[in-house]
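Student: sequence? don't have it. structure:
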């Protein structure tokens, strides 16, 4: 199940949200208990280090409690919290990239937007593989783009906004990631099934 679904499945009473906006500590605790696990999951996906993920969970909830009075309910609370968690995680990664002297560059070829199917990756559930094992072979940037696009369901425009880059950058990172993942996803043809393995969530 994608983390997006985990967030969507959590239902918080509007009264709790209103109390949290007014600074009610008990309401804050209810929201933390409801969302801390999926927030941690997202943070760990990006950082790969439990200690860093735990720090980001705390940063995420500090931001949530500081900003929840501005939450207008135009989207689900879970979607709003998920976006904050993603933003905090990407800020962490961008800081880490900068410290290592790495730069997010746009010098990638323009690619046509498309999902895994257009890159030859089958979505047959019988061919499912371990997504984490495949993603671990990618760079931090590529792994983040694949996760945001294919699992969390963000658009290239949204990903570009998160990373402070262009849509072309997001598309090209996704294309390069698919090219790297495809050899790992391929399985021998059998029983008329097409080559390839599914990215399973």
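Tutor: Structure's in. What do you need? As the structure is a prediction and not an experimental result, all values here were calculated from the model.

Student: mind giving me the domain split of this structure?
Tutor: 3-99, 116-185 (automatic domain parsing).

Student: of those domains, which shows the lowest average pLDDT?
Tutor: When these are compared on average pLDDT, domain 116-185 comes out lowest at a mean of 73.

Student: and residue 6, how close does it get to residue 178?
Tutor: Distance of residue 6 to residue 178, computed by C-beta to C-beta, to the nearest Å: 25 Å. Where C-beta positions appear, they are placed from N, C-alpha and C, glycine not excepted.

Student: so those two - more neighbours on which side?
Tutor: Here residue 6 and residue 178 are compared on neighbour count by other C-beta atoms under 10 Å; more neighbours surround residue 178, at 22 against 17.

Student: any idea how far the more buried one is from residue 136?
Tutor: 16 Å.

Student: what of residue 163?
Tutor: Per C-beta to C-beta, residue 163 is found 20 Å from residue 136.

Student: same check, this time on residue 95
Tutor: For residue 95, the distance to residue 136 (C-beta to C-beta) stands at 21 Å.

Student: residue 47: neighbour count?
Tutor: 19.

Student: 21 is where my numbering starts, stick with that
Tutor: Fine by me, first position is 21 from now on; the one you just mentioned is residue 67.

Student: can you tell me the closest non-neighbouring residue to it?
Tutor: residue 73 (5.2 Å; C-beta to C-beta, 6 or more residues apart in numbering).

Student: residue 161 too?
Tutor: In space, and not counting its chain neighbours, residue 161 is closest to residue 193: 6.0 Å by C-beta to C-beta, 6+ apart.

Student: I figured the one you found hits residue 162, correct?
Tutor: Yes: at 5.3 Å, residue 193 and residue 162 qualify as touching, with contact defined as C-beta atoms under 8 Å.

Student: and residue 86, what is it in contact with?
Tutor: With contact set as C-beta atoms under 8 Å, 6 or more residues apart in numbering, residue 86 has no partners.

Student: how close does residue 56 get to residue 50?
Tutor: 11 Å.

Student: where do the helices sit along this protein?
Tutor: Per DSSP state H, the chain carries helices over the ranges 23-28, 34-41, 45-67, 70-87, 97-119, 151-155, 160-166, 176-183, 187-205.
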